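S.K.: The following comprises the amino acid sequence and a computationally predicted model.
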Amino acid sequence: MNSIHVETPLKNYNIHFEASFKSLPEHILELKKNYSKIAIISDDQVAPLYTSQVKTVLESLNVEILNFDFAHGEINKNYKTINLIYDFLITNQFDRQSLLIALGGGVVGDMVGFTAATYMRGIDFIQVPTSLLAQVDSSIGGKTGIDFNGYKNIVGAFHQPEMVYVNTKTLRTLPTQEFASGMGEVIKHSLIKDEAYMSFLENNVDAIKGLNHEAITELIKLSCLIKSDVVSKDEREQGLRATLNFGHTIGHAIERLMNFKRLHGECVALGMLAASHISYAIGHLTTSDMDRISSLIDLYNLPVKIDGLSPETIYTELFFDKKTKHHQLNFVLLKTIGTCYMDNQLNEKLIMEGIKAILK
Ligand SMILES: NC(=O)c1ccc[n+]([C@@H]2O[C@H](COP(=O)([O-])OP(=O)(O)OC[C@H]3O[C@@H](n4cnc5c(N)ncnc54)[C@H](O)[C@@H]3O)[C@@H](O)[C@H]2O)c1
Ligand SMILES: O=C(O)C(=O)C[C@@H](O)[C@H](O)[C@H](O)COP(=O)(O)O
Ligand SMILES: [Zn+2]
């Protein structure tokens, strides 16, 4: 399997799995779009590594290709950066037939996707994810957006890419801590959907961390299958898609309260542990399930505890979660390892218990 087909009401597209950028032009030609111009948009860490490689392979398309880079990191995932991208596109006369390529991690993908959703009321874009997190999660499904005053993804749009092109070799330059952050979303997929996937993660730690080609490709494909299946069934998060938010209610609150000094996947790991603890307190998970979950998180160098935050501050922050309905928190919990459900009836005491379980 070298590609996965994603079908949503907005768009059908493929996720291609490759070990170089070589096949990118041929997959762009398959779209049969006759693009007027292409912009490769990246951040200032990824661009020096990969922009010229991508530009070179795309020369065969005989289309004008420009590139634009912005300052990396979650702290720059905001409208100031979006303004810079709009300015670049307008100055260079990008039109409705132009194509944007998001080359980078989830921050680049979310912002280039949002630019594509809004520039001239919507133009095409392609995801070329280079971080583990983006290859297994953020490049798929069309959630695009930015943070505002630190509130995560509070401004955004659903806009599906024309294609996702995964070059697994880019993971070789990814910093170790960023790899661990991506593993947060991978572990999430296993916990909400597939107990056998969790066993695979437990049994292949060295191969996965060592970027063994077979192991890492298998992992990326398994996660992409889980994510694409969910978004195909519920593109706009009317129900099922909210399960992909497991660990994010508390995770997003911590991310904001820590001023983005902890990575997304690290905060999600803490949020998953808190939500698992609530599931345990309700009686769904056993002590050995809990040990298994925290051991796996620890094995992949993700945090199991955090200090410097009070439980009350975290609790107050939860009410900005996008799953909240009529001021009622809606948590994703585990029924067992590998199955999950939504619960909007949790009382404050239970939630506080979950939060306290991850505080040092
Ligand atoms: N849209 C979605 O469905 C979705 C899903 C999950 C997460 N997200 C969002 O994704 C973001 C996190 O994504 P991320 O972890 O990729 O963060 P990121 O984009 O900030 O990338 C992490 C860091 O690694 C660098 N980097 C990326 N690829 C590299 C490579 N191959 N070699 C060297 N350095 C590389 C980047 O420059 C950056 O400094 C968050 O904003 C999160 O909210 C969105
Ligand atoms: O694709 C989804 O749906 C997800 O929930 C994936 C999450 O990993 C991702 O972090 C997402 O951006 C969080 O959802 P949001 O609606 O709060 O942005
Ligand atoms: Zn996430």
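M.R.: Good, I have the coordinates. Residues are numbered from 1 along each chain as shown. Ligands and ions are numbered 1, 2, ... in the order given.
S.K.: and the stretch 251-360 of the chain, which residues reach ligand 1?
M.R.: Counting by Cβ under 6 Å from any ligand atom, the residues of the stretch 251-360 of the chain close to ligand 1 are His264. Glycine gets a C-beta too; all of them are placed from N, C-alpha and C.
S.K.: List, one by one, the residues from the stretch 251-360 of the chain near ligand 2.
M.R.: Going by Cβ under 6 Å from any ligand atom, the residues of the stretch 251-360 of the chain near ligand 2 are Lys322.
S.K.: State which helix of the protein is the longest.
M.R.: In the chain, assigned by DSSP state H, the helix with the most residues is helix 213-233.
S.K.: Is that one positioned near ligand 1?
M.R.: No: shown here: helix 213-233 not in contact with ligand 1 (Cβ under 6 Å from any ligand atom), separated by at least 8.1 Å.
S.K.: Show me how far that helix is from its chain's centre.
M.R.: Between the centre of helix 213-233 and the centre of its chain there are 12 Å (Cα atoms, centre = their mean, to the nearest Å).
S.K.: Please spell out which residues along it are buried.
M.R.: 215-228, 230-232 (16 or more other Cβ atoms under 10 Å).
S.K.: can you give me the strands in the stretch 251-360 of the chain?
M.R.: Taking DSSP state E, counting those that start in this stretch as the criterion, the stretch 251-360 of the chain contains strands spanning 331-336, 339-343.
S.K.: hey, which of those is tucked in deepest?
M.R.: Ranked by mean neighbour count, the strands of the stretch 251-360 of the chain are led by strand 331-336 with a mean of 20 (mean count of other Cβ atoms under 10 Å).
S.K.: Give the pairing partners of that strand; include direction for each.
M.R.: Note on strand 331-336: by DSSP bridges, its sheet partners are strand 339-343 (antiparallel).
S.K.: Around ligand 1, pick out the residues from the stretch 1-150 of the chain.
M.R.: Residues of the stretch 1-150 of the chain that fall close to ligand 1, judged by Cβ under 6 Å from any ligand atom: 43, 45-46, 49, 72-74, 77, 104-108, 110, 130-131, 133-134, 137-138, 141, 143.
S.K.: Give me the buried entries from the residues you listed.
M.R.: Among those, those classed as buried by neighbour count (16+ other Cβ under 10 Å) are 43, 45-46, 49, 72, 74, 77, 104-108, 110, 130-131, 133-134, 137-138, 141, 143.
S.K.: which parts of stretch 352-360 are buried?
M.R.: Met352, Glu353, Gly354, Ile355, Ala357, Ile358.
S.K.: Roughly how far does the residue of the chain most remote from its centre sit from ligand 1?
M.R.: Of all residues in the chain, Asn62 has its C-alpha farthest from the mean position, at 32.2 Å, by Cα atoms, centre = their mean. Here Asn62 is placed at a distance of 28 Å from ligand 1 (Cβ to the nearest ligand atom, to the nearest Å).
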